[in-house]
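[1] I need the structure of the sequence given here:
(2 chains)
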Amino acid sequence: MAKKEKDERFRKFGTVSFTGTTRVNDFIDHLEQGRVTGTRCESCNRAFFPPRADCCDCRTSKMAWFDVQGAGRLLTYSTLAFGPRGFEADLPYTIALVDFTDFKIFGRIAGDLSEETLSIGMELRVKANALGDGRFNYVFDKE
Amino acid sequence: MTDVAIIGAGQSPFVRAFPGSVRELAFQGFSDAIGHAGITAAQIDASVVCSAPEYDLQRSPAGVFAEYLGLNPGPTFYVETLCSSGSTGLKLAYSLIRSGLHDMVAVIGFQKMSEISSAETQERMGRGADIQWESPFGTMMPAYYAMYARAHMKAYGTTPQDLAAIRVKAATYGQLNERAVYRKAVAPEMFTDPDNRMSGSVASPLRVGDCCANADGSSCIIVASAEKARALCDKPVWIRGIGAASAPVNLAGRDLFTGLAVARQAASQAYDMAGMRPEDIDVAEVHDCFTIAEMMAYEDLGFAEPGGGRELINTGQTYLDGRIPVNVDGGLLSKGHPIGATGGSQIRTIVLQLRGEAGDIQVPDAAVGLVHNIGGVGLYGNVTILAR
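    Numbering: from 1, shown residues only, chains lettered A, B, ... in the order given. I've put the predicted structure just below:
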């Protein structure tokens, strides 16, 4: 009898993923489709990013996916001169936090946006990004 | 319910690479503390061991240490809140004694970061954040604190040289601390000289000089009931206020980026419990893993208004002869940061201050001291108020 295959789609998230599986693995499929998605509790309507499988307020796991749309506001950022093991080839890169009002998103600034062009408060959008080798993340960009 | 006191405090020298095993490292801090308390291991009825386990090759070190330190058959257990493990251990010891379960507890903190390679250390540190949603972007501790620094600079006009001033202060006192790993002088010009190592960027806007170093070390605090403390100790130091809080691990779950919410919440609890205000504190130890962390601590603890931290450091108010001396043992920036040992080392400095045993760094007539110990990037926060 064949072993049931493990769903480890989340291994494809980012330059190095530290998580094999999660109940929000569909997030990876959405990235592959060019979408950045969060979840919304079907009971209280609260929006979650990063997406959660469970709402701790309602004690329910009935969640619906939604697409992150529109522009957010850059809250803060930092450009790394050193990276952890596995990230050396990405250096230098900029991590950032962007406020979309109902939720905030932590991620990477698009590689072609230099630190000098960034300022706190500027508008940024989030977009799905293919890293090659079947890996995906999302980045913040001006458009 | 009994009051609770600290009757002894010790630490090992903090060093780059301890030439011995973890149980031997723990012995150094423990031996220093029981010598300071003037007791024997047989008088201790329980122990709490504090470290960040991902650096330890030894699993469940509490059991190993209990034998090596002569604490069998007393109960022992392990606590972890990353870099604030030591003061979390103190809170547990306080609870064990206050509840009447025990009347003498040793809080033993340690970390031998050199057990694993520097690259492995950095990777594990990064994993003290949200490994599912943040680490895949290549995060590191300095970069998270750098994001707070950037927000603080934008909100209040804080400059990189304001942060450098905190490192200069740390080095002023680190040179006096024989148990510190970094004992050289640091001048502000080092941060503006592109050829100086201190000025090199780590994660903008933080530079090499803004960051503390890894170290190996151990610490130990002996905690006792009022009855035991009065019987055994001429100069007990009383635990008057204990506050602790947690925050969302992912920065996306937070609302404050110019300070640490956990520090503000823990401070408020500790001040309320002690019936004190920031003005009542004579000397403080704050968690300066990065210069920005000390700047935010000034404001989160109420030593300055939000945005007023830069004036506090630039007018020398946190030096030994200032209004509120902070980290006059050199801080983590000078001592180094052996994660599980750090909180105990901070507590020890305040205990020595309140007993009038701090030597060259003694704050005259210090009666009330505060310890601010943070785990992760404001994931955990502990604030403890001690008084003689």
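
[2] The single nearest residue of the stretch 1-150 of chain B relative to chain A in helix, strand or coil?
    Proximity of the stretch 1-150 of chain B to chain A (C-beta to the nearest C-beta) peaks at B:Pro136, 2.2 Å away. Glycine gets a C-beta too; all of them are placed from N, C-alpha and C. Judged by DSSP: H, G, I helix; E, B strand; the rest coil, the three-state class of B:Pro136 is helix.

[3] Nearest residue to it in space, please, no chain neighbours.
    The shortest distance from B:Pro136 to any non-neighbouring residue, by C-beta to C-beta, 6 or more residues apart in numbering or on different chains, is to A:Gly14 (2.2 Å).

[4] Repeat that for B:Ser204.
    Counting by C-beta to C-beta, 6+ apart, B:Ser204 lies nearest to A:Thr79, which is 4.5 Å off, once chain neighbours are set aside.

[5] if we can go back for a sec, is the residue nearest to B:Pro136 in contact with A:Tyr138, as I believe?
    No - contact criterion C-beta atoms under 8 Å: A:Gly14 and A:Tyr138 do not qualify, at 9.3 Å.

[6] Looking at the two, which is more packed in?
    A:Gly14 (27 against 23; other C-beta atoms under 10 Å in any protein chain shown).

[7] what about residue 108, how many neighbours?
    Using chain A here. 22.

[8] The chain in question should be chain B.
    33.

[9] Can you name the helix or strand that it falls in?
    Counting by DSSP states H and E, the element that carries B:Ile108 is strand B:104-112.

[10] got it, and B:Ile222?
    Going by DSSP H and E, B:Ile222 is in strand B:216-225.

[11] ok, back up a step: what pLDDT does the residue nearest to B:Ser204 get?
    Turning to A:Thr79, the model gives it a pLDDT of 98.

[12] Can you name the residues of the stretch 101-250 of chain B sitting close to chain A?
    The stretch 101-250 of chain B has residues B:119-120, B:122-123, B:126-127, B:130-140, B:143-144, B:146-151, B:154, B:200-206, B:250 near chain A, with proximity defined as C-beta under 8 Å from any C-beta of the partner chain.

[13] 7 Å instead, please
    Where the stretch 101-250 of chain B comes near chain A, counting by C-beta under 7 Å from any C-beta of the partner chain, the residues are B:119, B:122-123, B:126-127, B:131-140, B:143, B:146-147, B:150-151, B:154, B:201-204, B:250.

[14] how about the residue in chain A positioned nearest to chain B, what does it touch?
    Nearest residue of chain A to chain B: A:Gly14, at 2.2 Å (C-beta to the nearest C-beta). By C-beta atoms under 7 Å, 6 or more residues apart in numbering or on different chains, the residues touching A:Gly14 are A:Asn137, B:Pro136, B:Phe137.

[15] Serialize these to a markdown table and add fields for neighbour count, distance to B:Lys235 and pLDDT.
    Output for these, formatted as a markdown table (neighbours: other C-beta atoms under 10 Å in any protein chain shown; distance: C-beta to C-beta, whole Å; pLDDT from 0 to 100):
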| residue | neighbour count | distance to B:Lys235 | pLDDT |
| --- | --- | --- | --- |
| A:Asn137 | 20 | 56 | 98 |
| B:Pro136 | 27 | 51 | 95 |
| B:Phe137 | 26 | 50 | 96 |
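
[16] could I get these as JSON lines with distance to B:Gln175?
    As requested, those are arranged in JSON lines below (distance: C-beta to C-beta, whole Å):
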{"residue": "A:Asn137", "distance to B:Gln175": "45"}
{"residue": "B:Pro136", "distance to B:Gln175": "41"}
{"residue": "B:Phe137", "distance to B:Gln175": "38"}
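
[17] Could you report the separation of the closest residue to A:Gly121 other than its chain neighbours from A:Glu123?
    Nearest non-adjacent residue to A:Gly121, counting by C-beta to C-beta, 6+ apart: A:Arg73, 5.9 Å away. According to C-beta to C-beta, to the nearest Å, A:Arg73 stands 6 Å off from A:Glu123.

[18] For the residue nearest the centre of chain A, grab phi and psi.
    The centre of chain A sits closest to A:Tyr138, judged by C-alpha atoms, centre = their mean, with a distance of 5.2 Å. For A:Tyr138, the backbone dihedrals (degrees, to the nearest 10) come out as phi -130, psi 150.

[19] got a pLDDT number for it?
    pLDDT, A:Tyr138: 98.

[20] And for the one 4 residues further on?
    At A:Lys142, the model reports a pLDDT of 96.

[21] The residues of the stretch 101-250 of chain B next to chain A, buried ones only, as a ChimeraX selection?
    Buried residues within these, by 16 or more other C-beta atoms under 10 Å in any protein chain shown, are selected in ChimeraX with:
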select /B:122,123,126,131,132,133,134,135,136,137,138,139,140,143,146,147,150,151,154,201,202,203,204,250
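
[22] Please narrow the residues of the stretch 101-250 of chain B next to chain A to those residing in strands.
    Residues of these located in strands (DSSP state E): B:Ser201, B:Val202, B:Ala203.

[23] Surely the last one and A:Ser78 touch.
    Just to be clear, that refers to B:Ala203. Yes - contact criterion C-beta atoms under 7 Å: B:Ala203 and A:Ser78 qualify, at 4.6 Å.

[24] residues bridging contact with the two, i.e. touching both?
    Applying C-beta under 7 Å, 6+ apart, one finds that B:Ala203 and A:Ser78 are jointly contacted by B:Ala143, B:Ala146.

[25] Counting neighbours, show which residues of whichever strand or helix holds B:Thr172 come out buried.
    B:Thr172 is part of helix B:160-174, with elements assigned from DSSP H and E. Buried residues in helix B:160-174, defined by neighbour count with 16+ other C-beta under 10 Å: B:160, B:162-174.

[26] Just flag the most distant two among these.
    Using C-beta to C-beta, the pair of the buried residues of helix B:160-174 lying farthest apart is B:Pro160 and B:Tyr173, separated by 21.5 Å.

[27] residues contacting the residue most central in space within chain B?
    Nearest residue to the geometric centre of chain B (C-alpha atoms, centre = their mean): B:Gly343, 3.6 Å. Residues counted as contacts of B:Gly343 (C-beta under 7 Å, 6+ apart) are B:Cys50, B:Ser84, B:Ser85, B:Gly86, B:Ser87, B:Gly109, B:Asn373.

[28] The closest residue to the third one other than its chain neighbours - how many residues pack around it?
    Spelled out, that is B:Ser85. Nearest non-adjacent residue to B:Ser85, counting by C-beta to C-beta, 6+ apart: B:Cys50, 3.8 Å away. The burial count assigned to B:Cys50 is 33, neighbours taken as other C-beta under 10 Å.

[29] before we move on, what about the one 5 residues further on?
    For B:Tyr55, the number of neighbouring residues by other C-beta under 10 Å comes to 23.
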